[in-house]
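Trainee: Please work out how this folds:
(one chain, ligands or ions: 1)
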Amino acid sequence: MSAIIEVSHVSKSFGGVKANEDISLTVEKGSITGLIGPNGSGKTTLFNSIVGYHPIDSGSIRFEGREISKLLVPEIARLGLLRTFQQTRIYGKMNCVENMLISIPHRKMTLLEAFRRNTPEERERAEHLLHFVGLYEKRWLQAGSLSFGQQKLLEFAMALMNEPTVLLLDEPTAGINPTLINGLIDRLKHANREFGITLFIIEHNMRVIMNMADRIYCLAHGRLLAEGTPEEIQNDQRVIDAYLGAH
Ligand SMILES: Nc1ncnc2c1ncn2[C@@H]1O[C@H](COP(=O)(O)OP(=O)(O)OP(=O)(O)O)[C@@H](O)[C@H]1O
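Mentor: Down below sits the predicted model:
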């Protein structure tokens, strides 16, 4: 495997708060990589830096060997690097298929035009992916009427509409009941194995991340505390003291 994301010595402060300090890590192509750490340890800030949501103070971020730390969100998205959020971002009044169709990015037209111009291939792809995440039967329902877990599955399918190379997932299982969590894990693993999508996942649910990740990074107080396989991380005394002891 080779590195698809290379974060080197990245720092980012908000006023006096050092949210990320001298962080270096790599995400291997084709891997499922985990990012854990206590609340406020800088995980979301790092994701935001990688996808271009805000400029970094220093350091370098490379995607497929190319420096991306000065690029804007849509430019990075066009390269195939996308993220999802802790809170779902769906349109509750639209049905699932409509949500899928408007998730195709960078259209320089109104929503109405966007619907008119969707190609049959895009519609077919939307339905295929809704089937993939188990929402095909519900495709004509308003997204707002779905359970929170189903909305997360919809959001995942919306991200897949853009055919990402790498998907950054911010707490994908937060707020989802255990049955749906298992379904989501299964779908994520499938997307990784069968579609070859590299996954970089922030997750507080240890059962989930230990079960999925090839490699895990742990942050604490904005710094990289430890890295290793799930087994190494679980047995790392620094991680236990800073984080796992409370979980
Ligand atoms: N836009 C911002 N403005 C000011 N401070 C911020 C901003 N974003 C993050 N911070 C601060 O940076 C630190 C790291 O926050 P961040 O959200 O990255 O942590 P996290 O590990 O993702 O936490 P959680 O697990 O609770 O989501 C916190 O002290 C937070 O208050």
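
Trainee: List the contacts of Tyr37.
Mentor: Wrong residue type there; residue 37 is Gly, not Tyr. By Cβ atoms under 8 Å, 6 or more residues apart in numbering, the contact list for Gly37 reads 43, 218-220, 225, 242-243. Where you see a C-beta, it was placed from the backbone N, CA and C, and this is true even at glycine.

Trainee: near the ligand too, which of these?
Mentor: Lys43 (Cβ under 6 Å from any ligand atom).

Trainee: Max pairwise distance over the contacts of Gly37: which two?
Mentor: Lys43 and Ala242 (13.1 Å; Cβ to Cβ).

Trainee: the more surrounded of these two?
Mentor: Taking neighbours as other Cβ atoms under 10 Å, Lys43 and Ala242 compare with Lys43 leading, 24 against 20.

Trainee: tell me the contacts of the more buried one?
Mentor: Neighbour list for Lys43: 35-37, 170, 202, 219 [criterion: Cβ under 8 Å, 6+ apart].

Trainee: Serialize these to a markdown table and add fields for pLDDT and secondary structure.
Mentor: A markdown table is the format used below for these (pLDDT from 0 to 100; DSSP: H, G, I helix; E, B strand; the rest coil):
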| residue | pLDDT | secondary structure |
| --- | --- | --- |
| Leu35 | 98 | strand |
| Ile36 | 96 | strand |
| Gly37 | 95 | coil |
| Asp170 | 92 | strand |
| Ile202 | 96 | strand |
| Leu219 | 97 | strand |
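
Trainee: Can you flag the buried ones in those?
Mentor: Buried members of the contacts of Lys43, counted by 16 or more other Cβ atoms under 10 Å: 35-37, 170, 202, 219.

Trainee: For the ligand, state which of these is nearest.
Mentor: Gly37 (5.5 Å; Cβ to the nearest ligand atom).

Trainee: That closest one and Gly183: what is the separation?
Mentor: Distance, Gly37 to Gly183, by Cβ to Cβ, to the nearest Å: 26 Å.

Trainee: who's in contact with the helix ranked longest in the chain?
Mentor: Longest helix of the chain, by residue count under DSSP state H: helix 178-195. Here helix 178-195 makes contact (Cβ under 8 Å, 6+ apart) with 30, 32, 132-134, 147, 149-150, 152-153, 156, 160, 167, 169, 172-173, 176, 197-199, 201, 205, 208, 211-212.
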